[in-house]
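# Sequence first, predicted coordinates after that:
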Amino acid sequence: MIIDVDGIILNAKDYKDTSKIINIFTKEYGIIGVIAKGCKSLKSNLRSVTDKLTYATFTIYYKKDKLSILSEASVINNFSNIKKDIEKISYASFLLDLTFQVYKQNNDDKLYDLIVSALIKINENFNPLIITNIIELKYLDYLGVMPNLNGCSVCGSKSVITLSSDKGGYICRKCYTNEPIVSQKAIKLIRMYILVDINKISKLDINKNIVLEINNFIDEYYDRYTGLYLKSKSLLNNIKSL
């Protein structure tokens, strides 16, 4: 059947000489594997709408559980600010790769709303690291490995003093051993990252050191508990170190 569906291209790879196979993430149908025939041809009307990060309404000859065929696409948002900034592109690419991996483990349609909202905010020039960290934390819930941020992850005490990826979340003074101490602001904000509605973010004015404290915890936590190792993450880390 022919369907019109909003979606975003998570990844694309060349197929034969002139075509591509793309994975389009949609809310209604999940991730659809699609062949874009002849899209690499200079005269193809699909040439500009078959790259990673394309957010559009796609017209597809849909075949459930098989490779569908792309007919045409109308761009919803071209993410122009992202595409002209290598740092933003790197964050967006990582988030698309992460979304693909998370959806394979938990095909919840809420993931679609989260990734679209995040990309829109990055395109609106909100701090891409903060937006990425918010998404990473929210995705941990779908992976079933959410850190304990309701109290000390060891004893449950509410009087927490730092974060520990090794112990799985907040740590109180009684259960503290030799973990790095983070600021109280980071302790409060990381919980807000999980609770915040990305669509309602209108301002992100957070001290750089606090942002990095939260990011370091999330990076260590992902390495320890998710088993996800993405090439785009390594590229992103290289860019952040410049």
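Nice, I can see it. If you're wondering where the values come from, they're calculated on a predicted model, not measured in any experiment. Numbers count the residues shown, from 1 in each chain.
# pLDDT wise, what is the spatially closest residue to Asp223 that is not a sequence neighbour at?
In this structure, Asp223 finds its nearest non-sequential neighbour in Ser165, 7.9 Å apart by CB to CB, 6 or more residues apart in numbering. C-betas here are computed from N, CA, C, even on glycine. Per-residue pLDDT puts Ser165 at 96.
# I'd like the average pLDDT over the longest helix seen in the chain.
In the chain, taking DSSP state H as the definition, the longest helix is helix 86-105. Averaging pLDDT along helix 86-105 gives 96.
# just checking, what packs against it?
Contact here means 3 or more CB pairs under 8 Å, 6 or more residues apart in numbering; DSSP states H and E; on that basis helix 86-105 packs against strand 2-15, strand 19-26, strand 30-36, helix 80-83, helix 110-123, helix 128-143, helix 231-240.
# Redo these as TSV? Include distance to Ala73 and mean neighbour count.
As requested, these are exported to TSV (distance: least, CB to CB, whole Å; neighbours: other CB atoms under 10 Å):
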stretch	distance to Ala73	mean neighbour count
strand 2-15	9	17
strand 19-26	9	22
strand 30-36	9	20
helix 80-83	16	15
helix 110-123	16	20
helix 128-143	25	21
helix 231-240	23	14
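# lowest-confidence stretch among the ones you listed?
helix 231-240 (a mean of 82).
# Would you convert the helices and strands packed on helix 86-105 into JSON lines that also reports distance to Cys175?
Converted to JSON lines, these look like this (distance: least, CB to CB, whole Å):
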{"stretch": "strand 2-15", "distance to Cys175": "40"}
{"stretch": "strand 19-26", "distance to Cys175": "40"}
{"stretch": "strand 30-36", "distance to Cys175": "41"}
{"stretch": "helix 80-83", "distance to Cys175": "42"}
{"stretch": "helix 110-123", "distance to Cys175": "32"}
{"stretch": "helix 128-143", "distance to Cys175": "21"}
{"stretch": "helix 231-240", "distance to Cys175": "30"}
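# circling back: which residues does the residue nearest to Asp223 contact?
Contacts for Ser165 (CB atoms under 8 Å, 6 or more residues apart in numbering) come out as 147, 217, 220-221, 223-225.
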